[in-house]
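# Let's see this in three dimensions:
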Amino acid sequence: MHLGAICWQQLILRLRRYVHEQSDNTPDNNKGLRLVFGASGYIGTHLVPRLLAEGFRVRVSSRDLAILEARAWQGAEIVAADALKYESLAPALEGVDVAYYLVHSMAAGKDFGRLDVEAAKNFAAAAALSGARRIVYLGGLVPLDAASEHIVSRRDTGYALREGKVPVTEIRAGIIVGPGSAAFEVMRDLVYHLPMMITPSWVRAKSPPIALDNLLEYLLRISDIEQAAGRIYDAGGPETLTYEEMMRILAEAVGRRAPLIISVPALSPKLSSYWLKLVTSVPTNIARALVEGLKHDFEADDAELRRLVPQRLLGFRESVDAVFEAERNSSVEARWTEGAFFMRNQRIDYAYYAKRASGSAVTSASPQNVWKVLTRIGGENRYFYLDSLWSLRERLDWLVGGPGLKRGRRHPSELRIGDKVDSWTVIGMKPECRLTISFGMKAPGAGVLEFELAPQPGNGTRLTATAYWHPAGVWGLMYWYSLKPAHLVIFEGLTREICRHAEAEEHLSLVS
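Modelled structure (predicted):
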């Protein structure tokens, strides 16, 4: 029954997209401009396509334009802005009718609560000057005894936004069940990769998890309901479950035996948060902030919101099934983006969030000459730096039955999508800008290596190499942490040597 409901909701979404496509994908200029502030984040990434499919004019904002450009949203205007830099907000808010405020500072670690309030005050002031009609803010459920910095910060952010002159509609949600939701991804990692868990008593705390699609529907519709201006609404699913119950249902959905959960009253959420780095790939600061807030029971008084925006709410099991269905139906990405299913070898048990290691170098050579050297990587040319380590890794892979010693490439100096470069595969490229290759050796997880070329003042180039690793559980995390120091050294040397070769070849071409 629940799969039928999911298919029905997907059919409705496809019909909406079809109607939008038949209108030549031209936004309805009678619909006010929507700003998704924090569009590179989890909710923003899913909200933007929904707004575009409804025919809204959409502007998306983030501190990092590269992340937004990678989303390839057709019809969305992209602008850079940072709520902690007041002067950057006016261009983002110019002409905006409704602004979705979806940013938080949990990833910053210490003192993120103060940063959140400062950012909200800046945004409220800038929105007032822009003439915006409404701010829609997604916060979190707030228990009466709220004490953790994460919960207090989400509450106080709402207070700061409401101090401005623009009416605010705040939707407070608990655990969001969707691909990339930090709370859901922590549970996924635990269920898939730990046979037993020793947890504090928070494992029996209760919460009303809400499906991502249900929450997006609330966000989409509430902005045009006049009586919602200046109001706060709770949003929850149809069930209230303990975290232990949620993990057992999740295990059942993926066909695994539920972990043995041993609750230890003396183990506090704060103490248990310190080992998260070893068991989940969710960014540690975010995971820690979430876990420290799990000592509370959460309730959602959502009757009024359900009256204003009627829809069928998915139960937790239906929501989990919808997550995996969405991942399996995801499109192939041309380059690395967080959580891309293709970059995870299409494995739902591989971590959504990636671990990263980078190295970079700057050269006076042009992007054209750096690209010429970069595209000769592998095969007989090898890897420009510490080739002995590359060869050792290849031999180790061969010993365990991997393709490590299958060296070679189609052409010594040219690349195209799908080419094999030793055990790597070219999966994305934009000449003189970006090269993305996927890791093909045997390992507990999936990896991508991406090279980016950025022009520098004076016709120079910065070359950056970044490895993204989606670990398969604890062993995948151990594999990553054991090799990360070597990666940092190799990528610094690799980019430096490619730049040196590019400079030498450029000099020779000028001399000749």
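
# Going along the chain, name the strands of the stretch 251-400 of the chain.
For the stretch 251-400 of the chain, strands defined by DSSP state E, counting those that start in this stretch occupy the ranges 260-263, 355-363.

# Let me know which of those is tucked in deepest.
strand 355-363 (a mean of 18; mean count of other CB atoms under 10 Å). Placement of C-beta: from N, CA and C, glycine included.

# on that earlier part again, mean pLDDT for the strands of the stretch 251-400 of the chain: which is lowest?
Of all the strands of the stretch 251-400 of the chain, mean pLDDT reaches its minimum on strand 260-263 (a mean of 74).

# partners of that one, with directions?
strand 196-199 (parallel) (DSSP bridges).

# Give me the contacts around the helix or strand just after the partner strand.
Counting by DSSP states H and E, the next helix or strand C-terminal to strand 196-199 is strand 206-207. Contacts to strand 206-207, defined as CB atoms under 8 Å, 6 or more residues apart in numbering, come from residues 141, 174-175, 240-243, 246, 297-299.

# For the buried ones among these, write the corresponding PyMOL selection.
Command for PyMOL that selects the buried part of these, burial taken from 16 or more other CB atoms under 10 Å:
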select buried, resi 141+174+175+240+241+243+246+298+299
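
# Can I get the contacts of strand 206-207 in TSV including distance to Arg155, pLDDT and secondary structure?
Formatted as TSV, those follow (distance: CB to CB, whole Å; pLDDT from 0 to 100; DSSP: H, G, I helix; E, B strand; the rest coil):
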residue	distance to Arg155	pLDDT	secondary structure
Leu141	10	93	coil
Gly174	14	88	coil
Ile175	17	91	coil
Thr240	20	95	coil
Leu241	23	94	strand
Thr242	23	90	strand
Tyr243	21	86	helix
Met246	23	93	helix
Asp297	16	85	coil
Phe298	13	90	coil
Glu299	15	92	coil
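
# hang on, the earlier thing: out of the strands of the stretch 251-400 of the chain, which is closest to Gly339?
Of all those, strand 355-363 sits nearest to Gly339, with 13.0 Å by CB to CB.

# Name the strands paired with that closest one and say parallel or antiparallel.
Checking strand 355-363 against DSSP bridges gives partners strand 460-471 (antiparallel).

# CA atoms only for the strand it pairs with - export them in PDB, please.
C-alpha atoms of strand 460-471 as PDB (Å, rounded to 0.1, in the frame of the first residue of the first chain):
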ATOM      1  CA  GLY A 460      48.200  32.400 -14.300                       C
ATOM      2  CA  THR A 461      46.400  29.300 -13.100                       C
ATOM      3  CA  ARG A 462      45.500  27.600  -9.900                       C
ATOM      4  CA  LEU A 463      45.300  23.900 -10.200                       C
ATOM      5  CA  THR A 464      43.400  22.000  -7.400                       C
ATOM      6  CA  ALA A 465      43.100  18.300  -7.000                       C
ATOM      7  CA  THR A 466      40.400  17.000  -4.600                       C
ATOM      8  CA  ALA A 467      39.600  13.500  -3.600                       C
ATOM      9  CA  TYR A 468      36.000  12.700  -2.500                       C
ATOM     10  CA  TRP A 469      35.400   9.500  -0.700                       C
ATOM     11  CA  HIS A 470      32.000   7.900   0.200                       C
ATOM     12  CA  PRO A 471      32.900   5.300   2.800                       C
END
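
# remind me, longest helix of this protein?
helix 473-511 (DSSP state H).

# Which positions within that one qualify as buried?
Buried, per 16+ other CB under 10 Å, within helix 473-511: 473-474, 476-477, 479-480, 483, 487, 490-503, 506.

# Quick one: the strands of the stretch 251-400 of the chain as JSON lines, columns for distance to Tyr42 too.
As requested, the strands of the stretch 251-400 of the chain are arranged in JSON lines below (distance: least, CB to CB, whole Å):
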{"stretch": "strand 260-263", "distance to Tyr42": "26"}
{"stretch": "strand 355-363", "distance to Tyr42": "17"}
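
# Looking at the ones you listed, spot the one closest to Asn285.
Asn285 lies closest to strand 355-363 among these, at 14.0 Å (CB to CB).

# and the angle from that closest one to helix 473-511?
Put simply, strand 355-363 runs at 10 degrees to helix 473-511, going by axes from the mean of the first three to the mean of the last three CA atoms, to 10 degrees.

# hang on, the earlier thing: which one of the contacts of strand 206-207 is nearest to Phe324?
Using CB to CB, Met246 comes nearest to Phe324 of the contacts of strand 206-207, at 15.1 Å.

# Could you pull up the residues touching that closest one?
Counted by CB under 8 Å, 6+ apart, Met246 has contacts 175, 187, 207, 209, 316.

# Kindly reformat those residues as TSV containing distance to Leu84.
Listed next are these as TSV, based on distance: CB to CB, whole Å:
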residue	distance to Leu84
Ile175	28
Met187	31
Ser207	30
Pro209	31
Phe316	36
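
# Scan these and report the most crowded one.
Using other CB atoms under 10 Å as the neighbour criterion, Pro209 leads these with 29 neighbours.

# Now do the phi/psi pair for the spatially closest residue to it that is not a sequence neighbour.
What sits nearest to Pro209 in space, not counting adjacent residues and going by CB to CB, 6 or more residues apart in numbering, is Ile175, at 4.2 Å. Backbone geometry at Ile175, expressed as degrees, to the nearest 10, gives phi -60, psi 130.

# Ile47 and Thr461: what is the separation?
Residue 47: Leu, not Ile. 36 Å (CB to CB, to the nearest Å).

# Look at those two and report which has more neighbours.
More neighbours surround Leu47 than the other of Leu47 and Thr461, with 26 against 23 (other CB under 10 Å).

# tell me the domain ranges of this structure?
Domain ranges of the chain: 2-329, 355-511, per automatic domain parsing.

# Nearest to Glu338, out of these?
Glu338 sits nearest to domain 2-329 of all the domains of the chain, at 7.1 Å, using CB to CB.

# Closest to the centroid, which residue in this protein?
Nearest residue to the geometric centre of the chain (CA atoms, centre = their mean): Glu338, 4.5 Å.

# returning to what we had before: check which helices and strands the longest helix of the chain sits against.
Under the contact criterion of 3 or more CB pairs under 8 Å, 6 or more residues apart in numbering; DSSP states H and E, helix 473-511 touches helix 182-193, strand 355-363, helix 367-374, strand 445-456, strand 460-471.

# wait, which of the ones you listed is closest to Ala126?
When these are compared (using CB to CB), the closest one is helix 182-193, at 27.5 Å.

# which other residues reach the closest one?
Residues from elsewhere that reach helix 182-193 (CB under 8 Å, 6+ apart): 42, 175-178, 197, 243, 246-247, 250-251, 254, 256, 258-259, 276, 279-283, 286-287, 290-291, 323, 349, 351-353, 472-474.

# try it again with 6 Å
For helix 182-193, contacts defined as CB atoms under 6 Å, 6 or more residues apart in numbering pick out 175, 177, 247, 250-251, 280, 282, 286-287, 290, 349, 352, 473-474.
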